[in-house]
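K.L.:
sequence and predicted structure, then a few things I'm wondering about:
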Amino acid sequence: MSGSNEITYAVDFCADRQGRRKNKTFLSHRQTSNGEAAGRSIPRIARLMALAIRFEGLLRDKTIRDCAELARLGRVTRARMTQIMKLLYLAPDIQEQLLFLPPMKGLNERNLRHVVRRIDWDEQRRMFQKITQSLDSAGKCA
């Protein structure tokens with residue numbers, strides 16, 4: 001892997017609230033190699049976009065047979081897996097923006113569904129810009 005870094009996290013899913021607080025505290029004090037705090041939360045939409053890209057790679061490499069198997073392994077419904085995978089229909093620059101977008105309250109997979117349905121990437125870009133501007137202006141008023 002030339003020039004790219006990979007970070008792997010071990011996640012402990014605790015049933016009690018105290019365990020989760022401890023994990024958050026632990027993560028908030030972690031440092032990355034360049035000195036930035038690693039505990040900052042990553043927006044859910046960015047995680048879903050990254051998952052869709054990763055799943056696409058697994059399907060392309062034939063590591064996973066189909067989306068039904070992905071859904072089974074991920075313990076989600078096939079419908080939910082389809083919703084996640086449809087994020088790949090977004091224009092490449094929108095996908096990139098989602099991956100690196102700062103946390104924006106209200107931006108989620110659900111309000112991108114109508115954007116995904118559009119085939120024209122220019123139309124997607126206009127719709128996405130309208131969504132982000134409205135959420136950004138709503139956040140400034142609050």
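P.N.:
Yes, it's here. Residues are numbered from 1 along each chain as shown.

K.L.:
so which residues of the protein form helices?
P.N.:
Using DSSP state H, the helices of the chain run over residues 17-28, 44-60, 67-74, 78-85, 92-100, 113-116, 121-141.

K.L.:
my guess is Thr132 contacts Asn111, does it?
P.N.:
No - using C-beta atoms under 8 Å, Thr132 is not in contact with Asn111; the gap is 10.4 Å. Bear in mind the C-beta positions are built from the backbone N, C-alpha and C, glycine included.

K.L.:
which one's more surrounded, the two?
P.N.:
Taking other C-beta atoms under 10 Å, Thr132 and Asn111 do not tie; Thr132 has more neighbours (16 against 13).

K.L.:
residue contacts, the more buried one?
P.N.:
Thr132 makes contact with Leu101, Met104, Leu107, according to C-beta atoms under 8 Å, 6 or more residues apart in numbering.

K.L.:
repeat that for 10 Å
P.N.:
Thr132 is in contact with Ile94, Gln97, Leu101, Met104, Gly106, Leu107, counting by C-beta atoms under 10 Å, 6 or more residues apart in numbering.

K.L.:
tell me which residues touch the fourth one, please.
P.N.:
If I follow you right, that is Met104. Neighbours of Met104 in contact, by C-beta under 10 Å, 6+ apart: Pro43, Ile45, Ile131, Thr132, Leu135, Asp136, Ala138, Gly139.

K.L.:
any chance of JSON lines for the helices of the chain, columns mean pLDDT?
P.N.:
Listed next are those as JSON lines, based on pLDDT from 0 to 100:
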{"stretch": "helix 17-28", "mean pLDDT": "42"}
{"stretch": "helix 44-60", "mean pLDDT": "96"}
{"stretch": "helix 67-74", "mean pLDDT": "95"}
{"stretch": "helix 78-85", "mean pLDDT": "97"}
{"stretch": "helix 92-100", "mean pLDDT": "96"}
{"stretch": "helix 113-116", "mean pLDDT": "96"}
{"stretch": "helix 121-141", "mean pLDDT": "88"}
